[in-house]
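S.K.: pasting the structure only:
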């Protein structure tokens, strides 16, 4: 269990080896975030895009451009293909999106011959540090799958648990959210939540304990769960919250970060490597944390790992 991002980084970063990160269509903000992570020994950035502009960004940051690998790309599509090919060939460990549409990058990732397509569904992994909660919590999927059905929700849980295990977690407590704690045939979300719980009990979901349906207050507060008479090992102690759809997850995530002061890290999982896709409104800290955790989530033996 990690209480804060600082706790996680302190325990894991010192044990990890540096990973090469290919920044696709690098712009000023992505270069700044990549260089911050490089200074802490987490990544070795490799930049793709407009060489002249990238060199200027590095110079402004006090970094000698000659010490960085910079590759020219004629357009955004070529930059995306180059980044994917670098990971597939073992010259980089994972990807970060610079200034280009997410669809352009993911189109190259999912190519059958890309080397990054795994046959697994990709999903967005989000991890939050909340002022009022005793440990980090993952909220999924607020950035990739729009209206996940039962099977997709299982794949999202599997992706999330695998990522948390790479960060050092053992048994992961998963709460499948609804507005009530009981199954209601008129509410499909509750039926799917219960089905996921039963699958976990049968051993069809490994490495996690699943509770559902469970309301947000019971998932995050043992005191409230006890008051309601809701008994579960996950009550007030969830590591993962699975939202009913992308809107619920996205709204919850933004309410926590924008209004409640939560810290956030997020990236795409399910491909052969993590893919850092920070939004235009992401703070410098969010970009840094997303890079840092993506680097730590890469296996130590993955291609593009340096001594």
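M.R.: Good, I have the coordinates. Bear in mind that the values here come from a model prediction, so they are computed numbers and not experimental data.
S.K.: quick one: contacts of stretch 69-87?
M.R.: Contacts of stretch 69-87 with the rest of the structure, by Cβ atoms under 8 Å, 6 or more residues apart in numbering, involve 22-25, 46-51, 54-55, 92-95, 98, 100-101, 104-105, 107-109, 111, 114-116, 272-273, 303-304. C-beta here means a position set from N, CA and C on the backbone, and glycine is covered the same way.
S.K.: Counting neighbours, which of those residues end up buried?
M.R.: Neighbour counting with 16 or more other Cβ atoms under 10 Å marks 22-25, 46-50, 54-55, 92-95, 98, 100, 104-105, 108-109, 114-116, 272-273, 303-304 as buried within those.
S.K.: In strands, which of these fall?
M.R.: Mapping those onto strands (DSSP state E) picks out 22-24, 46-49, 94-95.
S.K.: which among these gets closest to residue 211?
M.R.: Set against residue 211, the nearest of those by Cβ to Cβ is residue 94 (31.6 Å).
S.K.: For the residue nearest to that closest one when sequence neighbours are not counted, list the residues it contacts.
M.R.: Leaving aside its chain neighbours, residue 94 sits nearest to residue 273 (4.1 Å; criterion: Cβ to Cβ, 6 or more residues apart in numbering). By Cβ under 8 Å, 6+ apart, the contact set of residue 273 is 87, 93-95, 116, 298, 302.
S.K.: can you redo the residues you listed as CSV with distance to residue 18?
M.R.: Output for those, formatted as CSV (distance: Cβ to Cβ, whole Å):
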residue, distance to residue 18
87, 16
93, 9
94, 12
95, 16
116, 21
298, 10
302, 12
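S.K.: Save those as TSV, and put in pLDDT too.
M.R.: Shown next, in TSV, are the contacts of residue 273 (pLDDT from 0 to 100):
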residue	pLDDT
87	94
93	93
94	95
95	96
116	89
298	84
302	54
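S.K.: What pLDDT does the model give the residue nearest to residue 94?
M.R.: At residue 273, the model reports a pLDDT of 92.
S.K.: quick one: it and residue 204, what's the gap?
M.R.: 26 Å (Cβ to Cβ, to the nearest Å).
S.K.: Then residue 83?
M.R.: For residue 83, the distance to residue 204 equals 35 Å [Cβ to Cβ].
S.K.: the more surrounded of these two?
M.R.: For residue 83 and residue 204, the more surrounded residue by other Cβ atoms under 10 Å is residue 83, and the numbers stand at 34 against 12.
S.K.: so what's the backbone phi/psi at the more buried one?
M.R.: phi -60, psi -40 (degrees, to the nearest 10).
S.K.: Going by residue numbers, what spans are helices in the protein?
M.R.: For the chain, the helices defined by DSSP state H occupy 5-12, 28-39, 51-60, 76-88, 102-109, 150-166, 188-201, 216-220, 222-228, 246-254, 284-297.
S.K.: and residue 268, which of the ones you listed is closest to it?
M.R.: With Cβ to Cβ as the measure, helix 102-109 is the member of those nearest residue 268 (7.9 Å).
S.K.: helices and strands around that closest one, which ones?
M.R.: Packing contacts for helix 102-109, counted by 3 or more Cβ pairs under 8 Å, 6 or more residues apart in numbering; DSSP states H and E, involve helix 76-88, strand 94-97, strand 275-276.
S.K.: Looking at the ones you listed, which one is packed in the most?
M.R.: Per-stretch averages of neighbours, counted by mean count of other Cβ atoms under 10 Å, single out strand 94-97 among these, with a mean of 28.
S.K.: got a list of contacts for it?
M.R.: Residues contacting strand 94-97 (Cβ under 8 Å, 6+ apart): 19, 21-25, 30, 33-34, 83-84, 87, 105, 109, 273-278, 291, 294-295, 298, 304.
S.K.: Tell me the confidence at the residue nearest to residue 146 when sequence neighbours are not counted?
M.R.: The shortest distance from residue 146 to any residue other than its chain neighbours is 4.7 Å, reached at residue 246 (Cβ to Cβ, 6+ apart). With respect to pLDDT, residue 246 has a value of 96.
S.K.: same deal with residue 29?
M.R.: 90.
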